[in-house]
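> coordinates only, no sequence provided:
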């Protein structure tokens with residue numbers, strides 16, 4: 001079984017960014033599309049790190065208690081990305097595979113950070129696998145710092 005290292009990252013600065021995208025609250029009608037994008041985004045990492053099940057989501061019951069905290073970025077009625085905001089924690093930032101690398105992840109990150117700050121939180125926290133260096137670099141580039149490194153498995 002492969003070792004998994006995760007970082008706890010924190011943003012505790014003033015956010016000097018205004019959202020230039022609009023995200024909408026998750027609705028059940030988007031479940032199938034969301035599940036597909038989510039599983040595709042995390043498939044390679046989960047496979048390489050031997051995390052089972054490789055496709056995490058397979059039933060709406062897994063998400064129904066979280067839907068009020070998931071926000072979707074849509075273009076032409078189709079999900080292109082999503083971000084979850086649980087209190088002051090940012091989680092599950094995903095972008096449709098075919099359009100990754102176009103800055104949508106950064107826009108979603110900043111949207112989520114603004115959303116959390118507007119809820120009155122001073123500090124934003126997220127957790128990311130060390131394996132996911134693209135995400136780690138995105139978070140560092142946007143003002144997060146690594147506060148803790150821990151072996152998860």
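Structure's in. What do you need? Just so you know, these numbers come straight off a predicted model, no measurement behind them.

> neighbouring strands - and their directions - for the longest strand seen in the chain?
For the chain, the strand reaching the highest residue count under DSSP state E is reported as strand 78-86. Strand 78-86 has the following strand partners under DSSP bridges: strand 70-75 (antiparallel), strand 89-95 (antiparallel).

> in stretch 73-93, what's buried?
Of the residues in stretch 73-93, those buried by neighbour count under the rule 16 or more other CB atoms under 10 Å are 73-74, 79-85, 88-93. For the C-beta atoms, the positions are set from N, CA and C on the backbone; glycine is no exception.

> contacts only, for the spatially closest residue to residue 126 that is not a sequence neighbour.
Using CB to CB, 6 or more residues apart in numbering and skipping the chain neighbours, the partner closest in space to residue 126 is residue 90 (4.5 Å). When contacts are counted by CB atoms under 8 Å, 6 or more residues apart in numbering, residue 90 touches 83-84, 109, 112-113, 116, 124-126.

> let's see that with 10 Å instead.
By CB atoms under 10 Å, 6 or more residues apart in numbering, the contact list for residue 90 reads 9, 11, 83-84, 108-109, 111-113, 115-116, 124-128, 139, 144.

> now do the same for it: its pLDDT.
pLDDT, the model's per-residue confidence, is 98 for residue 90.

> helices of the protein, start to end?
31-48, 104-118, 133-141 (DSSP state H).

> pLDDT score assigned to residue 17?
On the pLDDT scale, residue 17 is placed at 80.

> what's the distance between it and residue 56?
Computed with CB to CB, to the nearest Å, the distance linking residue 17 and residue 56 is 30 Å.
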